[in-house]
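A.B. asks: Please work out how this folds:
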Amino acid sequence: MSTTNETENKECNAQICILHGEDEVAIQREVQRHLNERPKDSLAELNLTRLDGQQTNLAELANNLNTLPFGEGGRMVVVSHALELAKSEAAREELLKMLENLPESSIVIFIIPDELKYFKGKKGWVNLEKAGWLTEWAAKHGEQAKIKTYSLPTIYTMPKWVQEEAELQGGKIEQGAAIELANALGNDTMLVSQEISKLITYTGGQRAISSEDVRLLCSPVAREDIFALTDAIASGDARTAMRLLDISLQNQPEVSVFAMIVRHFRQLLTAAEMVSEGSNAEQVRSELRTFDFVAEKLVRQARRFTLEQLEQIFQRLDRLDEEMKDGRTPADLALQLFVAEMARVR
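C.D. replies: As a prediction, this is how the structure comes out:
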């Protein structure tokens, strides 16, 4: 499995842009950059189509790509969850043929949510690794198609990311406050970006965000609470798990609690994979770039689950995330269902 060069230019200026990775903020910002560069006229919206690979089909994609644009600027089609359109060999061939014959007046942006995963001593991208057919095709069409990877910042680079994000949003944050916010919320860029927006609104953009502001407005879900919740799930203690969830929800919005749980189980799965291959807590700490005490607790908890159980838990979280985003399941109900189901099946 392969990783990307972190210093790589993240702008994609090809006719076919394939954006993948974990950093949803960076991906959305790159899409917005493309939109900002398009002509600003009354016809602009008519030349833009957004599709979801989970809810559309290749025929609809072809129809949008081959429709003649209105006025200047050409057509742009943005496809989220793009790999969902090509689950079979026949679908892949049809999609590549479509790209081969893409009209010059059309630009397509494929978005592929992805995650870095530790596997047999190496760390690599899960979904892009499975899409070798697409990466091989893109490599042969280097001028027409580009693949750009968007990794999450590390815990060491996150404070700098916080300061840069604050500036992009039109505000400023003190270095100490940036460190405190990064330590509290980790490298979930979407969640941190939302918190920065809230902090800038609070300060009115009239001064730099301080550590006091962060403590006042951004009381995070305590990592100890998530460890305790996970222990209760591992023990099959649904009553305790639900009580701990309720405590977390009293202090933080559902989306913040959910993000912390997802982050925790992502790290727990990596720790479990490493432990199964003989790694110790120090190696887990180095791989996850976390603190010693966190790595030690992750290793301890990882031994309470099988790899298969953790895979199933993470898949369930992924499905719930989709249900929350498309409105099928309210966030508070999604969390309650997750905790109740996971504790019951143990």
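
A.B. asks: Work out the gap between the worst-scoring helix or strand of the chain on mean pLDDT and the centre of the chain.
C.D. replies: Within the chain, no helix or strand scores below strand 116-119, which has a mean of 74 by mean pLDDT, DSSP states H and E. Offset of strand 116-119 from its chain centre (C-alpha atoms, centre = their mean, to the nearest Å): 15 Å.

A.B. asks: Can you name the next helix or strand after it?
C.D. replies: The first helix or strand that comes after strand 116-119 along the chain, using DSSP states H and E, is strand 122-125.

A.B. asks: Can you list the buried residues in stretch 95-112?
C.D. replies: 95-96, 98-99, 102, 105-112 (16 or more other C-beta atoms under 10 Å). All C-beta atoms are positioned from the backbone trio N, CA, C, and that covers glycine.

A.B. asks: Check stretch 292-310 too.
C.D. replies: Applying a neighbour-count criterion of 16+ other C-beta under 10 Å, one finds Val294, Ala295, Lys297, Leu298, Val299, Gln301, Ala302, Arg304, Phe305, Gln309, Leu310 buried in stretch 292-310.

A.B. asks: Surely the second one is in contact with Met274?
C.D. replies: No: between Ala295 and Met274 there is no contact, the gap being 10.0 Å when judged by C-beta atoms under 8 Å.

A.B. asks: Quick check: neighbours shared by those two?
C.D. replies: Val284 (C-beta atoms under 8 Å, 6 or more residues apart in numbering).

A.B. asks: where does the stretch 151-300 of the chain dip in pLDDT?
C.D. replies: Under the criterion pLDDT under 70, the flagged ranges of the stretch 151-300 of the chain are 219-223.

A.B. asks: Quick one: low-confidence residue ranges for the stretch 1-150 of the chain.
C.D. replies: Those would be 1-8, 42, 119-121, if you go by pLDDT under 70 across the stretch 1-150 of the chain.

A.B. asks: In the sheet, which strands lie alongside the longest strand along the chain, parallel or antiparallel?
C.D. replies: Secondary structure of the chain per DSSP state E: the longest strand is strand 106-113. According to DSSP bridges, strand 106-113 forms sheet pairs with strand 16-21 (parallel), strand 75-80 (parallel).

A.B. asks: Need the residues that contact the last one.
C.D. replies: In other words, strand 75-80. For strand 75-80, the surrounding residues in contact (C-beta under 8 Å, 6+ apart) are 31, 34-35, 38, 47-53, 56, 61, 64-65, 67-69, 85, 103, 105-111, 113.

A.B. asks: which non-adjacent residue is nearest Met98?
C.D. replies: Ala62 (5.5 Å; C-beta to C-beta, 6 or more residues apart in numbering).

A.B. asks: Is that neighbour in contact with Leu99, as I believe?
C.D. replies: No: contact criterion C-beta under 8 Å: Ala62 and Leu99 do not qualify, at 10.4 Å.

A.B. asks: quick one on the thing from earlier: got the CA coordinates for the longest strand of the chain in CSV?
C.D. replies: Below are the C-alpha coordinates for strand 106-113, written out as CSV (Å, rounded to 0.1, in the frame of the first residue of the first chain):
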residue,chain,number,x,y,z
SER,A,106,-16.7,19.4,-19.6
ILE,A,107,-14.8,19.2,-16.4
VAL,A,108,-15.4,16.4,-13.9
ILE,A,109,-14.3,16.2,-10.2
PHE,A,110,-14.5,12.8,-8.6
ILE,A,111,-14.4,12.8,-4.8
ILE,A,112,-13.3,9.6,-3.1
PRO,A,113,-13.5,9.5,0.7
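
A.B. asks: pLDDT wise, what is the nearest residue to Glu254 once chain neighbours are set aside at?
C.D. replies: In this structure, Glu254 finds its nearest non-sequential neighbour in Ala331, 3.5 Å apart by C-beta to C-beta, 6+ apart. Per-residue pLDDT puts Ala331 at 85.
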